[in-house]
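Q: generate coordinates for the sequence data below:
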Amino acid sequence: MPVTLGALLGQRALGLTALTDADPDREISWVHASELADPTPYLDGGELLLSVGMWLEPAAAPQQASAYVRRLVEAGVVGLGFGVGVQHAEVPTALVAAAAATGLPLLQVPEQTAFVAVGRSVWEALAAEQYAEVTRTSSAQQELTRAAVASGTAGLLRRLAERLDGWALLLDAGGAVSQAAPAGAGRRGAWLATELERFRDLSTPVSATLSVEDDQIAVQSLRLGRHTRGFLAVGSPQRLNREQRTVVNTAASLLTLMLAQTSALRVAESQLRTAVVELLVDGEPARASKLAAGLWGGLPADPVRLLLATGTSDSRDDLAELLDRSTGIRGRTRTAPADRVLHAELADRLAVVYPAAGRLRGRVLAAAAGTAGVVAGESTEAGSAELGRALREAEQALAAGIRSGARLTCFADIGASGLLSLLSGPSAGAFAESLLRPLIEHDRSGRGDLVRSLATWLEHNGEWDAAATAVGVHRHTLRHRIRRAAELLGRDLDAAAVRAELWIALRLLDGTAAPVRPTGPTGRTGGPARRLVR
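A: Purely as a prediction, here's the structure:
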């Protein structure tokens, strides 16, 4: 049950008293304590706000109380709990009057009740509700799965409709009703077919909510590969809550798998693998493990790595085939955790999850490197609950490999190659030459050595004596050169961002990834490069 004002007031241990009308069914989303005169910037709405009234001055109580309460009401606060015995012996009458006038529930918190006790009570109730919701959702998912196995799509839709206290329809790609629960719900098919006409040619999944007469209707497309094969439509007198939406999503996933039963077994298995990987990426390892347990005995053992490969559809299929052969899992539905490799299509890329260390990692990397037309990026180690982060790392490693032309790139190696390795290419060189063109043209005329002087000055972090020594000129001469460079470039060289941009341009112009080493008049190389920013 949701946490409500009525439930909180009913806890005798807290000793809360309602001083104004309080709707007992108003739900509390959180508890927040603040002594700010305007706490609304830190509120999201739905909170029970706690305060001892340090912000309330007796001389201006009516005006302050009225403005304070108005702000809380506009912010969507569920109620105000006012603690007595600290700043005020009793709740100020001005605050009670303002709350009553605006309909804000005002609760008196006795001196012996700590605010943390109120917060703990709500937090524990919220945690219990979330646990109960997860339990109910898991139970519903199991029921739907059993119904689908026992009675096919008809049984699944019938159980779904009972769960929602409404109706459920399975429509084909053309909008015709394939199954209905209860049977009378099929009459809605003609109207829904017209509504679905605008979704039928979309290349992306469809999830829509419609409101018609007494029904709140939710529609989800059922897709196999890149094509929509049907639609699931459900209706209920009330808008679906989060728990019910999760149940509908489960039904849609099951229906998608059941539609795929007419296709090859590998196609159906691929869809299921994708669902497992998506659950992992979404931070739901428990559900993913439960789904994988019945198929492969479970997930790869933690810690794992994620490899993301791109290429043509054929090349990705070749990699998946090679992975099955090289890891020795073809035809084996149950393997030890250390021997499990999970691969699945995510959009137009192949994601591979495998143990972070051991022989299987070597085989996976060898398969990726040995498949023609494939470019791959590998994440660092991650737990099953961190696959979202691992996916982002693999995407970044893959992008770096595409830029550099590498067949296989590990995320851990990106930083080791340095920032400038990401800026190579004709466009980077053109940027450097364009930015430094005034200095290059100046030096070609034989009127000075501005490019080298600026590079040396930047490498010495603007330290005049050290830079002048490295260039082999007097510091006054170097000052003149740097001022002249600033004039020609039209840039403020005192700005750190400008210095950084010029330093990068000079490095790109030099054409190497090694630090710029200024030379003196004797041709000797200067000391190690120093930090650019102080």
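Q: so what's the residue count around the residue nearest to Ser453 when sequence neighbours are not counted?
A: Spatial nearest neighbour of Ser453, excluding adjacent residues (CB to CB, 6 or more residues apart in numbering): Arg481 at 4.4 Å. Where you see a C-beta, it was placed from the backbone N, CA and C, and this is true even at glycine. Counted with other CB atoms under 10 Å, the neighbours of Arg481 add up to 23.
Q: one more: Arg499?
A: The number of residues near Arg499, taken as other CB under 10 Å, comes to 21.
Q: just how off-centre is the helix or strand hosting the residue nearest to Ser453 within its chain?
A: For Arg481, the host element (DSSP states H and E) is helix 475-489. Remark: helix 475-489 is offset 48 Å from the chain centroid, using CA atoms, centre = their mean, to the nearest Å.
Q: domain ranges for the protein?
A: 5-113, 140-263, 285-417, 423-510 (automatic domain parsing).
Q: go through the helix holding Arg481 and flag the buried ones.
A: If you call a residue buried by 16 or more other CB atoms under 10 Å, then helix 475-489 has these buried ones: Leu478, Arg481, Ile482, Arg484, Ala485, Ala486, Leu489.
Q: likewise for stretch 438-453?
A: Buried-residue list, stretch 438-453, by 16+ other CB under 10 Å: Leu439, His442, Asp443, Gly448, Asp449, Leu450, Val451, Arg452, Ser453.
Q: am I right that the last one is in a strand?
A: No: secondary structure of Ser453, determined by DSSP: H, G, I helix; E, B strand; the rest coil: helix, with no strand assignment.
Q: find the centremost residue of the chain, please.
A: The centroid of the chain falls nearest to Gly388 when counting by CA atoms, centre = their mean (7.5 Å).
Q: same for the lengthiest helix in the chain, what does it pack against?
A: The longest helix of the chain (DSSP state H) is helix 115-164. When contacts are defined as 3 or more CB pairs under 8 Å, 6 or more residues apart in numbering; DSSP states H and E, helix 115-164 packs onto helix 5-9, strand 30-33, strand 47-51, strand 79-83, strand 167-172, strand 177-181, strand 227-236, helix 242-259.
Q: what's the next secondary structure element after the longest one?
A: The element immediately downstream of helix 242-259 (helix or strand, assigned by DSSP H and E) is helix 265-281.
Q: what about this protein, any weak spots by pLDDT?
A: Low-confidence segments of the chain (pLDDT under 70): 1, 174, 198-204, 225-227, 261-268, 325-338, 415-427, 447, 511-534.
Q: before we move on, back to that, so which of the helices and strands packed on helix 115-164 gets nearest Trp457?
A: strand 30-33 (53.5 Å; CB to CB).
Q: just the C-alphas of that closest one, formatted as PDB.
A: C-alpha atoms of strand 30-33 as PDB (Å, rounded to 0.1, in the frame of the first residue of the first chain):
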ATOM      1  CA  TRP A  30       9.400  11.500   0.500                       C
ATOM      2  CA  VAL A  31      10.200  13.400   3.800                       C
ATOM      3  CA  HIS A  32      12.400  16.500   3.800                       C
ATOM      4  CA  ALA A  33      13.400  18.800   6.700                       C
END
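Q: by contact count, what packs against it?
A: For strand 30-33, the packing partners by 3+ CB pairs under 8 Å, 6+ apart are strand 47-51, helix 115-164.
Q: buried residues in the host helix or strand of Ala467?
A: Using DSSP H and E, the element containing Ala467 is helix 464-471. Neighbour counts using 16+ other CB under 10 Å place Ala466, Ala467, Ala468, Thr469, Ala470, Val471 of helix 464-471 among the buried residues.
Q: ok and it relative to helix 475-489, angle-wise?
A: 90 degrees (axes from the mean of the first three to the mean of the last three CA atoms, to 10 degrees).
Q: pull the CA atoms of stretch 489-503 into PDB?
A: Presented in PDB, the C-alpha positions along stretch 489-503 are these (Å, rounded to 0.1, in the frame of the first residue of the first chain):
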ATOM      1  CA  LEU A 489      46.500  36.000 -33.800                       C
ATOM      2  CA  GLY A 490      44.100  38.500 -32.200                       C
ATOM      3  CA  ARG A 491      44.000  36.300 -29.100                       C
ATOM      4  CA  ASP A 492      44.500  37.100 -25.400                       C
ATOM      5  CA  LEU A 493      47.400  34.900 -24.400                       C
ATOM      6  CA  ASP A 494      46.600  35.500 -20.700                       C
ATOM      7  CA  ALA A 495      43.500  33.300 -21.100                       C
ATOM      8  CA  ALA A 496      44.100  29.600 -20.100                       C
ATOM      9  CA  ALA A 497      41.600  28.400 -22.800                       C
ATOM     10  CA  VAL A 498      43.500  30.300 -25.500                       C
ATOM     11  CA  ARG A 499      46.800  28.900 -24.400                       C
ATOM     12  CA  ALA A 500      45.500  25.400 -24.400                       C
ATOM     13  CA  GLU A 501      44.000  25.800 -27.900                       C
ATOM     14  CA  LEU A 502      47.300  27.200 -29.200                       C
ATOM     15  CA  TRP A 503      49.400  24.500 -27.600                       C
END
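Q: what comes up buried for it?
A: In stretch 489-503, counting by 16+ other CB under 10 Å, buried: Leu489, Arg491, Leu493, Arg499, Leu502, Trp503.
Q: ditto for stretch 140-156
A: Buried-residue list, stretch 140-156, by 16+ other CB under 10 Å: Ala140, Gln141, Glu143, Leu144, Thr145, Ala147, Ala148, Thr153, Gly155, Leu156.
Q: many thanks, I have nothing further to ask.
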